[in-house]
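Chemist: after the sequence you'll find the predicted model.
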Amino acid sequence: MAETGRLSAPAAPPIAPVTLVRVAIIVFVLLFWEAIARSGLLFRDVVPSLTVIGGALVELLADPTYYRHLGVTAGEIGIALGVGGVAGLAVGIALGGSRLLARAFEPYLYYLGPTPKIIFFPLMIMWFGVGPGSKVAMGVISCFFPVALSAAAGMRGIDKVLIKVGRSFRAGTWAMVTKIYLPAMRAPIINGVRLGLGVAIIGTLLAETKLSNRGVGFLVINAYSTFNMPRMYALLIVVFVLSIGANALVGRLGGVGDIKRA
Amino acid sequence: MNRARRTFLPFALGFGALVVFILALEALIRAGLINRFIVPLPSQIAGAFGRVIVEEDIPHRFLVTAREALWAALLLLLVGVGIGVLLYRVRLLRQATETWVAALASAPTVLMYPLFLVIFGRSETTIIMMGFVAGVPAVILKVIEGLASTRPVLINVGRSFKLTELQLFWKILFPAALPTIFVGLRLGMIFALINIVGVEFLINFGGLGQLINDLAERYDLPGTYAAICFVILVSVVFFFLTDRIERWLRPVD
């Protein structure tokens, strides 16, 4: 296979083979989907025709109430990322700066990080009510752990020389944090925020599907309970595009464009 | 002696802080500073453990969730590793789709659960499939990474012994990639378990996740807190054990 690659390389085809394969896969999937939709093999509407989904997508994007719900969800995620991110950053810097604290408390964070957060939702409802408060809280719990763990690891990875420079200038704690630590850990922090954003989106939206009357999660579960499948597909497409886009954007901001690094 | 003290002090600090926190919580609730109808007494929660385990038949629920996890793991192993190997072998396919898989890994796939509810019904299949979908991108990516980072020396040794492609795969590539593949499977299982328990909770069906929903809806607060602690404990134990296996598998540099 490597031989054929070498032989055909100088020819430089007008369209890259990779693009060709991608287009072929997309076309195949769409045709397969349409075939299933028209075959009547599955229950009607479980796999709606592409034109129907496209119609629902256009209808959704033209609907002003959708943007209101999107705004609610975006606000919740934004606040959650702010609160959870700052808390995670503070805890991460504290843990990364002290070997004793890290050894004492980091195992708890490390082992609590990958537990299912959504099960805390009943408690969050009790603490913060059924409104947006409990959804924000879910987002905060979700994004705190990845940000804290990345910040702690980033703090430990700072070049010791930079810290010594700061100390020799007699920088106070605040100056050390803003002038030395934060700039030096930009990449791990951005990576932590990227991971945190992903789980904050999940935490907030899942909470909305469980109990709420606003937000995109509510729209999804509402489409389910009214069995409006084209609308549900349209909503899922929008949510996927938005969250993958947000993820890539945060990665691009930090210059860590490689989304494989999870 | 010195080493023992070095590991003991942080442990004592961490564990001590936890104990102090629980005691302070108990005191604050008893003093009426925290509403005991929102946060029950830690002693009540501890007392609820036994009741929940016996009355709610936790062993059975645990087995239900474990069975779902096992099916998801099997699917991850077959499909995830299978697709990973396929993408590694067919380079063009890999170049075309690897970024898609990575994007899928960062997408909130768990939000598709209402869709899966329609397709598979309110059943264990929905839960298993949600777990599988959440875990499979990580497995695929790690399998490719593991196979692709096999040291060329090892492959050359295989070639000089005139191994067939199949032998080369099973004798050289696969064993060399095994630690990374395990990392992928573990990562995939963590995502799968989060989704399995989460979807159980969300659709009120199945094992441990449903228990929390059930107790919360009955407003059995000490029971809810105890069940949450139990689920956290189970996932921490799973995470800890697989972490150990991963370290054991990791080659010594």
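Modeler: Cool, the structure landed. Numbers count the residues shown, from 1 in each chain, chains lettered A, B, ... in the order given.
Chemist: can you tell me the residue of the stretch 151-262 of chain A closest to chain B?
Modeler: Taking C-beta to the nearest C-beta as the measure, the point where the stretch 151-262 of chain A comes nearest chain B is A:Y224, at 3.6 Å. Every C-beta, even on glycine, is put in place using the N, C-alpha and C of the backbone.
Chemist: what helix or strand is that residue on?
Modeler: helix A:216-225 (DSSP states H and E).
Chemist: could I have that helix exported to CSV, CA atoms only?
Modeler: The C-alpha coordinates for helix A:216-225 follow below in CSV (Å, rounded to 0.1, in the frame of the first residue of the first chain):
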residue,chain,number,x,y,z
VAL,A,216,-32.4,23.5,25.0
GLY,A,217,-32.5,20.4,27.2
PHE,A,218,-36.2,21.1,27.9
LEU,A,219,-36.8,21.5,24.1
VAL,A,220,-35.2,18.1,23.5
ILE,A,221,-37.3,16.2,26.1
ASN,A,222,-40.4,18.2,25.0
ALA,A,223,-39.8,17.0,21.4
TYR,A,224,-39.6,13.5,22.9
SER,A,225,-42.7,13.6,24.9
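Chemist: what's that helix in contact with?
Modeler: Contacts with helix A:216-225, where a contact means C-beta atoms under 8 Å, 6 or more residues apart in numbering or on different chains, come from A:66, A:69-70, A:73, A:204-210, A:212, A:229, A:231-232, A:235-236, A:238-239, B:111, B:114-115, B:117-118.
Chemist: quick check: the residue of the stretch 151-262 of chain A closest to chain B vs B:I128, distance?
Modeler: 19 Å (C-beta to C-beta, to the nearest Å).
Chemist: quick one: which of the two has more around it?
Modeler: Comparing A:Y224 with B:I128 by other C-beta atoms under 10 Å in any protein chain shown, the one with more neighbours is B:I128, at 26 against 19.
Chemist: poorly predicted segments of the stretch 151-262 of chain A, please.
Modeler: Where the stretch 151-262 of chain A drops to pLDDT under 70, the residues are A:254-262.
Chemist: near chain B, which residues of it are found?
Modeler: With C-beta under 8 Å from any C-beta of the partner chain as the criterion, the stretch 151-262 of chain A comes near chain B at residues A:198, A:201-202, A:205-206, A:209-210, A:217, A:220-221, A:223-224, A:227, A:229, A:232-233, A:236, A:239-240, A:243-244, A:247-248, A:259-260, A:262.
Chemist: now, of these, which are buried?
Modeler: For these, a burial check counting by 16 or more other C-beta atoms under 10 Å in any protein chain shown picks out A:198, A:201-202, A:205-206, A:209-210, A:217, A:220-221, A:223-224, A:229, A:232-233, A:236, A:239-240, A:243-244, A:247, A:259-260, A:262.
Chemist: okay, and which of those residues map to helices?
Modeler: A:198, A:201-202, A:205-206, A:209-210, A:217, A:220-221, A:223-224, A:229, A:232-233, A:236, A:239-240, A:243-244, A:247 (DSSP state H).
Chemist: please, where are all the helices along the stretch 101-250 of chain B?
Modeler: Remark: helices assigned in the stretch 101-250 of chain B by DSSP state H, counting those that start in this stretch are B:113-120, B:124-148, B:152-160, B:165-167, B:174-203, B:208-217, B:221-249.
Chemist: mind putting those helices in CSV, distance to A:V58 included?
Modeler: Shown next, in CSV, are the helices of the stretch 101-250 of chain B (distance: least, C-beta to C-beta, whole Å):
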stretch, distance to A:V58
helix B:113-120, 20
helix B:124-148, 27
helix B:152-160, 52
helix B:165-167, 49
helix B:174-203, 29
helix B:208-217, 37
helix B:221-249, 42
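Chemist: can you put those in TSV and add mean pLDDT?
Modeler: Listed next are these as TSV, based on pLDDT from 0 to 100:
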stretch	mean pLDDT
helix B:113-120	89
helix B:124-148	94
helix B:152-160	90
helix B:165-167	88
helix B:174-203	92
helix B:208-217	91
helix B:221-249	89
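Chemist: need those in TSV (columns: distance to chain A).
Modeler: Compiled in TSV, these are given as follows (distance: least, C-beta to the nearest C-beta, whole Å):
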stretch	distance to chain A
helix B:113-120	4
helix B:124-148	6
helix B:152-160	13
helix B:165-167	11
helix B:174-203	4
helix B:208-217	3
helix B:221-249	4
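Chemist: for B:R30, find the nearest of these.
Modeler: Among the helices of the stretch 101-250 of chain B, helix B:221-249 comes nearest to B:R30, with 14.8 Å by C-beta to C-beta.
Chemist: now the closest one against helix B:208-217, angle please.
Modeler: Relative orientation of helix B:221-249 and helix B:208-217, computed by axes from the mean of the first three to the mean of the last three C-alpha atoms, to 10 degrees: 160 degrees.
Chemist: for helix B:221-249, name the packing helices and strands.
Modeler: Counting contacts by 3 or more C-beta pairs under 8 Å, 6 or more residues apart in numbering or on different chains; DSSP states H and E, helix B:221-249 packs against helix A:99-112, helix A:121-128, helix B:42-55, helix B:174-203, helix B:208-217.
Chemist: thank you, goodbye.
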